[in-house]
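Colleague: Sequence unavailable; structure follows:
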């Protein structure tokens with residue numbers, strides 16, 4: 001999406017709202033933070049808030065809306081969470097009901113929306129340091145995998161951690177860790193390096209979400225905790241209803257990536 005890499009977030013959100021963009025958002029609005037969406041009924045919101053606090057690597061919170069509000073007032077004033085993501089997923093009792101370009105017809109006044117940090121933020125920092133992000137180079141969605149790493153339970157919420165993977169040249173691994181460690185609010189440092197079978201991934205060429213990418217000679221697969229984790233949790237605990245973004249189809253905020261960096 002090179003044509004949208006220099007666009008402003010409010011412009012892209014408006015295009016998404018008008019159904020002019022329905023694809024994954026990797027590479028759009030360079031320098032601005034993108035986020036993962038979770039929408040739950042009020043009676044489940046506290047349990048999920050606690051779940052996120054206990055599992056900050058996969059679920060770093062950027063903002064939580066008021067009950068029934070469709071606007072993320074701090075990170076994206078004027079936004080509308082029912083229309084401003086290219087593709088949504090609706091889970092009912094753990095089953096994926098479908099993907100939608102808006103959720104206006106499903107909105108309820110008891111919904112609470114959570115925006116979680118996304119690894120697309122540190123991708124910008126990596127590319128600025130000359131580290132290739134393979135899925136962006138190939139115009140693909142980032143590969144994501146359900147692992148055997150269990151999240152810390154909170155109330156009804158429990159389940160496996162989802163990770164995203166990027167192949168990194170061996171000689172650039174240390175720099176990659178140093179860079180991503182500066183962004184704890186968007187997943188931070190990787191949680192696994194190397195052999196995918198150790199974390200329960202049987203075939204790295206068959207991601208559970210997103211697209212496979214080539215791992216070239218001299219490269220090592222690096223895995224970060226991923227904001228798609230709540231979707232794996234939804235399939236595990238089967239809440240009445242959970243609405244999320246479709247993997248890779250993110251919410252673009254007005255926050256600059258450098259605002260989230262530490263050090």
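Modeller: The structure has been received and is ready for your questions. All values reported here derive from a predicted model rather than from experimental measurement.
Colleague: Do I have it right that residue 124 meets residue 30?
Modeller: Yes - the criterion here is CB atoms under 8 Å, and residue 124 meets it with residue 30 at 6.2 Å. Where C-beta positions appear, they are placed from N, C-alpha and C, glycine not excepted.
Colleague: These two - which one has more neighbours?
Modeller: Neighbours were counted for residue 124 and for residue 30 using other CB atoms under 10 Å; residue 124 has more, 22 against 16.
Colleague: got a pLDDT number for that one?
Modeller: Looking at residue 124, its pLDDT is 81.
Colleague: if I've got this straight, it is in a helix?
Modeller: Yes - read with DSSP: H, G, I helix; E, B strand; the rest coil, residue 124 is one of the residues of a helix.
Colleague: Contacts only, for it.
Modeller: Residue 124 sits next to 30, 31, 257 when contact means CB atoms under 8 Å, 6 or more residues apart in numbering.
Colleague: ditto for residue 89
Modeller: 96, 98, 99, 100, 231, 243, 244, 245, 246.
Colleague: so where's the stretch 151-263 of the chain uncertain?
Modeller: In the predicted model, the stretch 151-263 of the chain carries pLDDT under 70 at residues 263.
Colleague: could you pull out the strands for it?
Modeller: Here the stretch 151-263 of the chain has its strands, by DSSP state E, counting those that start in this stretch, at 160-169, 192-193, 219-225, 242-245, 251-256.
Colleague: now for those, which one comes closest to residue 139?
Modeller: For the strands of the stretch 151-263 of the chain, proximity to residue 139 was assessed by CB to CB; strand 160-169 is nearest, at 15.1 Å.
Colleague: list the helices and strands that closest one packs on?
Modeller: Secondary-structure packing of strand 160-169 (3 or more CB pairs under 8 Å, 6 or more residues apart in numbering; DSSP states H and E): helix 134-137, strand 144-150, strand 219-225, helix 229-237.
Colleague: if I pick the nearest residue to residue 214 once chain neighbours are set aside, what's in contact with it?
Modeller: For residue 214, ignoring the flanking residues on the chain, the nearest one in space by CB to CB, 6 or more residues apart in numbering is residue 134 at 6.8 Å. Applying CB under 8 Å, 6+ apart, one finds that residue 134 lies in contact with 166, 167, 213, 214.
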